[in-house]
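Colleague: One predicted model, sequence on top.
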Amino acid sequence: MYPTGALIVNLRPNTFSPARHLTVCIKPFRDSVGANIYLQKTGELRLLVRDGDGRPGQVQCFGLEQGGLFVEATPQRDIGRRTTGFQYELMKRHRASDLHALSAPCRPCSDTEVLLAVCTSDFVVRGSIQNVTHEPERQESAIHLHVSRLYRQKSRVFQPVPEGGGHWQGHVTTLLECGVRPGHGDFLFTGHMHFGEAQLGCAPRFKDFQRMYRDAEERGLNPCEIGME
């Protein structure tokens with residue numbers, strides 16, 4: 001609060017893990033003002049977040065071995081009511097690529113990617129799309145799901161429907177540019193929790209997933225098992 005001067009923030013995991021295998025992601029608070037946030041290493045600075053540019057959904061990521069954060073207050077005549085803040089996550093390098101899919105975020109997953117996603121995702125469910133709401137300000141789409149089979153969830157993303165019947169409901173997010181629309185049929189939805197939100201990963205039609213799984217099972221190539229009944 002009331003930022004003046006500068007400070008260096010060095011992020012470290014709470015377990016032993018080589019820095020070269022970790023990625024840091026930071027997300028500024030929407031109302032964060034009063035300072036620029038840089039990536040610093042050996043005296044060199046690279047701007048990550050400009051003062052006042054707390055755009056909804058803005059996330060910046062870098063390898064932990066690339067350096068620490070340098071938070072520098074910008075000159076102000078009145079520092080009252082100014083607060084600089086951000087959330088951060090440390091994650092294994094392969095997870096960062098899953099979460100952001102920087103090269104082609106809307107590309108359908110290959111069979112291998114789907115099978116790995118089933119084993120490594122924070123949530124894996126079978127269900128259908130009930131509705132899609134677009135949020136241009138955040139450059140995101142919220143996909144509202146009706147879930148008939150809950151294979152895994154690490155957070156309470158999906159809650160039982162009020163009428164019961166062994167079904168669940170919840171929503172996941174994806175990039176607006178992917179152009180997701182409501183559609184018929186069952187899908188297998190996978191993804192990860194990122195800054196408290198469920199972000200969609202691979203989502204093949206369920207009948208296509210059944211084919212992938214059985215083909216891999218016959219060849220002994222399934223990385224893990226999942227109930228198909």
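Modeller: Received the coordinates, thanks.

Colleague: Quickly note the distance from Cys178 to Lys41.
Modeller: 34 Å (CB to CB, to the nearest Å). C-betas here are computed from N, CA, C, even on glycine.

Colleague: Quick check, pLDDT for the closest residue to Arg50 other than its chain neighbours.
Modeller: Nearest residue to Arg50, sequence neighbours excluded (CB to CB, 6 or more residues apart in numbering): Asn36, at 5.8 Å. Note on Asn36: pLDDT of 91.

Colleague: and Asn36, what are its bridge partners?
Modeller: Using DSSP bridges, the bridge partners assigned to Asn36 are Glu72.

Colleague: What's the local residue count around it?
Modeller: 19 (other CB atoms under 10 Å).

Colleague: residues touching it, list them.
Modeller: For Asn36, the contact set (CB atoms under 8 Å, 6 or more residues apart in numbering) comprises 47, 49-51, 71-72, 74.

Colleague: would CSV of those with neighbour count, distance to Met91 and pLDDT be doable?
Modeller: Compiled in CSV, these are given as follows (neighbours: other CB atoms under 10 Å; distance: CB to CB, whole Å; pLDDT from 0 to 100):
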residue, neighbour count, distance to Met91, pLDDT
Leu47, 12, 23, 91
Val49, 23, 19, 88
Arg50, 12, 24, 88
Asp51, 19, 27, 87
Val71, 22, 21, 92
Glu72, 18, 26, 92
Thr74, 16, 30, 88
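
Colleague: out of those, who's nearest Asp122?
Modeller: Val49 (25.9 Å; CB to CB).

Colleague: if you skip the residues just before and after it, what's nearest to that closest one?
Modeller: Ile37 (4.1 Å).

Colleague: Quick check: phi and psi on the residue nearest the centre of the chain?
Modeller: What sits nearest the mean C-alpha location of the chain, by CA atoms, centre = their mean, is His194, with 3.6 Å. When read as degrees, to the nearest 10, the backbone of His194 gives phi -140, psi 110.

Colleague: How about residues contacting the lengthiest helix in the chain?
Modeller: In the chain, with assignment by DSSP state H, the single longest helix is helix 206-218. With contacts defined as CB under 8 Å, 6+ apart, helix 206-218 is touched by 111, 114-115, 118, 126, 185-188, 204, 222, 226, 228.

Colleague: So which bits of that helix are buried?
Modeller: Using 16 or more other CB atoms under 10 Å as the test for burial, helix 206-218 gives 206, 209, 212-213, 216.

Colleague: Export those as TSV, with columns for pLDDT and distance to Gly165.
Modeller: Compiled in TSV, the buried residues of helix 206-218 are given as follows (pLDDT from 0 to 100; distance: CB to CB, whole Å):
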residue	pLDDT	distance to Gly165
Phe206	95	19
Phe209	95	23
Met212	94	28
Tyr213	94	26
Ala216	93	32
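
Colleague: So the residue of the chain positioned farthest from its centre: helix, strand or coil?
Modeller: In terms of distance from the mean C-alpha position of the chain, Arg77 ranks first, at 37.6 Å (CA atoms, centre = their mean). When classified by DSSP: H, G, I helix; E, B strand; the rest coil, Arg77 comes out as coil.

Colleague: Quick check, Ala198 in contact with Thr173.
Modeller: Yes - at 6.8 Å, Ala198 and Thr173 qualify as touching, with contact defined as CB atoms under 8 Å.

Colleague: how near is the residue nearest to Arg50 to Ser128?
Modeller: Asn36 sits 45 Å away from Ser128, taking CB to CB as the criterion.

Colleague: Same question for Arg205.
Modeller: Distance from Arg205 to Ser128, by CB to CB: 10 Å.
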